[in-house]
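Visitor: Next come a sequence and a model predicted from it.
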Amino acid sequence: MEIQAPRGTTDILPQDTAKWQYLENIAQKVFANYNYQEIRTPIFESTELFTRGIGEATDIVQKEMYTFTDKSQREITLRPEGTASVVRAFLENKIYGQAQPTKYFYFGPMFRYERPQTGRYRQFHQLGAEVFGSHDPAIDVEVIKLGLDILAELGLENFALHLNSIGCPECRPNYIEKLKDYLNPYLEQLCDNCQDRYERNPLRILDCKTDRDLEFMEDVPKIYENLCSECDEHFDQVKDYLDDLEIDYILNPRLVRGLDYYSKTAFEVIYNGLGAQDTIFGGGRYDALVEEIGERDVPGIGFAMGIERLLLSLEEEGVKLPIEEGVDVYLITIGETARKEAVKYMYQLRAAGFKVDLDYLDRAVGTQMKAADRNNAKYSIIVGENELEKGELAVKNMKSGEQFDVAIDKLVDKMRDFLK
Ligand code: HAM
């Protein structure tokens, strides 16, 4: 049987890689605009980094990690997300000793053993940002605005920012008690998964897709109405900054995120019309994570965006990315001598910076013409014995059909004019 790519993974072929490159380029420009620098961390890490960082009780750690023992009996996991790795790098490289805040971005593949469907894969890609060393609510808003700017630069419009504060170790336990008291009489009406979550991870009951429409869920206590004064003040300031910048948001008390490291601000950007997997990006503050992983008390905040979901959203919205396809020049050769000369011209034109190709299969002129079309050539150039004798080549503008005789020794200059 033919070997296929593992379930939940895909090849990204040239017609799509062009879109990925465009998108990564735009994101890089926005990151530079905000003074974020790129960090690249390994694709696999010690399993413990994720169990400790993401949280033992999360779906990711419980069910979704690609974990194996390597040949030296080390417990290894393919990264399911980027934040824990960036925190580890921050600690290991003693970046906390540098002037803070420090601001990073990354791109890369992540791995989760989830049930594949549109927008959900086992190998997927994120672009993300992490900021260390500041409690300032303005940085929460910077991180959100940065993500929104990437969407805006790409021309996406039909999305909504959801916002919540999930408090801190000071106030969250009280809220959880209140939540459990409220849910207790309804326990048997919850789905099996949530009955289990009731003890293990009660906050996640709030965003359960099965239970969210149950009548009693409507009046569930809101976490942002149960914050301590510090979290409350912080949340107010985040909202003020968002208002000042005229960024619309929906207060969503059910937004709790699927990773355990968050405190205070939590946010998600949802695309309208993507089906079940509609979160384009999500993130929040994680003031206790650095200490959890490396015993340094440094606050952090960040987000990650699913690149596949971003592309699906752009497609759904009919956004056409301005991607340059095709070659500048395709050389068509007739006869052996002409072909040898044409190879020289090709390298002269390439050296001048043009995208140039020719036929490598010794095909008939008509077939070479078709190849020029297939390659979306802006110009074709015919090189034959006659042309060489005359010292002039037949240059054709493929779009207008206009044809010009161009002196061979002026070819590069002329093409520069034509392609300006
Ligand atoms: P997350 O919400 O688990 O957060 O993932 C962020 C984004 O990655 C999602 O909104 C989605 O677009 C994409 N994503 C997640 N899982 C899949 C999947 N199986 N297939 C396709 N796309 C997926 C994090 O990963 C946090 N590290 C974000 C963060 C950074 N928080 C603070 N800093």
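Guide: Thanks, I have it.

Visitor: Tell me how many other residues crowd the closest residue to Asp409 other than its chain neighbours.
Guide: Among residues not flanking Asp409 along the chain, Gly391 sits closest, at 7.7 Å (Cβ to Cβ, 6 or more residues apart in numbering). The C-beta positions use only the backbone N, C-alpha and C, and glycine is treated the same way. Counted with other Cβ atoms under 10 Å, residues neighbouring Gly391 total 11.

Visitor: Over to Cys168?
Guide: Quick note: Cys168 (other Cβ under 10 Å) scores 19 neighbours.

Visitor: Check the gap between the closest residue to it other than its chain neighbours and the ligand for me.
Guide: Leaving out its chain neighbours, the residue that sits closest to Cys168 by Cβ to Cβ, 6+ apart is Ser263, at 4.6 Å. For Ser263, the distance to the ligand (Cβ to the nearest ligand atom, to the nearest Å) stands at 11 Å.

Visitor: ok, now Lys340?
Guide: 51 Å.

Visitor: Report the mean per-residue pLDDT for the strand or helix carrying Gly282.
Guide: Assigned by DSSP states H and E, Gly282 belongs to strand 279-285. Averaging pLDDT along strand 279-285 gives 98.

Visitor: Show me what that strand is packed up against.
Guide: helix 137-154, strand 265-271, strand 300-306, helix 307-316 (3 or more Cβ pairs under 8 Å, 6 or more residues apart in numbering; DSSP states H and E).

Visitor: Tell me which helix or strand comes right after the first one.
Guide: Translated: helix 137-154. Counting by DSSP H and E, what follows helix 137-154 is strand 159-165.

Visitor: what's next to that following strand, contact-wise?
Guide: Strand 159-165 is contacted from outside by 144, 148, 151, 223-224, 227, 231-232, 234-235, 238-239, 242, 247-256, 264-272, 280, 313, using Cβ atoms under 8 Å, 6 or more residues apart in numbering.

Visitor: Buried among those residues? Need that as a selection in ChimeraX.
Guide: Listed next is the ChimeraX selection for buried residues among those, using 16 or more other Cβ atoms under 10 Å:
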select :144,148,151,223,224,227,231,232,234,235,238,239,242,249,252,253,254,255,256,264,265,266,267,268,269,270,271,280,313
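
Visitor: Tell me the residues of the chain that contact the ligand?
Guide: Residues of the chain lying near the ligand by Cβ under 6 Å from any ligand atom: 81-83, 112, 114, 119-121, 124, 126, 128, 130, 258-259, 279-284, 286, 302-306, 308-309.

Visitor: Each with direction, which strands does the strand holding Gly282 pair with?
Guide: strand 265-271 (antiparallel), strand 300-306 (antiparallel) (DSSP bridges).

Visitor: what angle do it and helix 307-316 make?
Guide: Relative orientation of strand 279-285 versus helix 307-316 (axes from the mean of the first three to the mean of the last three Cα atoms, to 10 degrees): 130 degrees.

Visitor: Any regions of this structure where pLDDT drops low?
Guide: Applying pLDDT under 70 to the chain flags no residue at all.

Visitor: Next, the buried residues of stretch 113-133.
Guide: Buried, per 16+ other Cβ under 10 Å, within stretch 113-133: 113-114, 119-133.

Visitor: Next: stretch 97-106.
Guide: Quick answer for stretch 97-106 (16+ other Cβ under 10 Å): Pro101, Thr102, Lys103, Tyr104, Phe105, Tyr106.

Visitor: ok, Arg40 touching Tyr104?
Guide: No. Using Cβ atoms under 8 Å, Arg40 makes no contact with Tyr104, being 9.9 Å away.

Visitor: Number of residues surrounding the nearest residue to Gly384 once chain neighbours are set aside?
Guide: Once flanking residues are discounted, Gly384 sits nearest to Ile334: 3.5 Å by Cβ to Cβ, 6+ apart. Ile334 has 18 neighbours, counted by other Cβ under 10 Å.

Visitor: Now do the same contact list for Ile334.
Guide: Val365, Ile382, Val383, Gly384, Glu385.

Visitor: Equivalent analysis for Pro42, please.
Guide: Contacts of Pro42 (Cβ under 8 Å, 6+ apart): Arg79, Ser85.

Visitor: Is it part of a helix or strand, or is it coil?
Guide: coil (DSSP: H, G, I helix; E, B strand; the rest coil).

Visitor: With the ligand as the reference, measure out to it.
Guide: Taken as Cβ to the nearest ligand atom, the span from Pro42 to the ligand is 16 Å.

Visitor: what does Phe50 give?
Guide: 11 Å.

Visitor: Thr333 now?
Guide: 47 Å.

Visitor: ranges for the strands of the stretch 251-400 of the chain?
Guide: 265-271, 279-285, 300-306, 329-333, 356-358, 379-383, 392-397 (DSSP state E, counting those that start in this stretch).

Visitor: Distance to Leu13 added to those, as a markdown table?
Guide: Putting the strands of the stretch 251-400 of the chain into a markdown table (distance: least, Cβ to Cβ, whole Å) gives the following:
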| stretch | distance to Leu13 |
| --- | --- |
| strand 265-271 | 24 |
| strand 279-285 | 23 |
| strand 300-306 | 19 |
| strand 329-333 | 22 |
| strand 356-358 | 19 |
| strand 379-383 | 26 |
| strand 392-397 | 30 |
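
Visitor: who wins for proximity to Arg200 among these?
Guide: Taking Cβ to Cβ, strand 265-271 is the member of the strands of the stretch 251-400 of the chain nearest to Arg200, at 19.5 Å.

Visitor: related to what we said a few turns ago, would you mind listing which of the contacts of Ile334 are buried?
Guide: Applying 16+ other Cβ under 10 Å to the contacts of Ile334 flags Ile382, Val383, Gly384 as buried.
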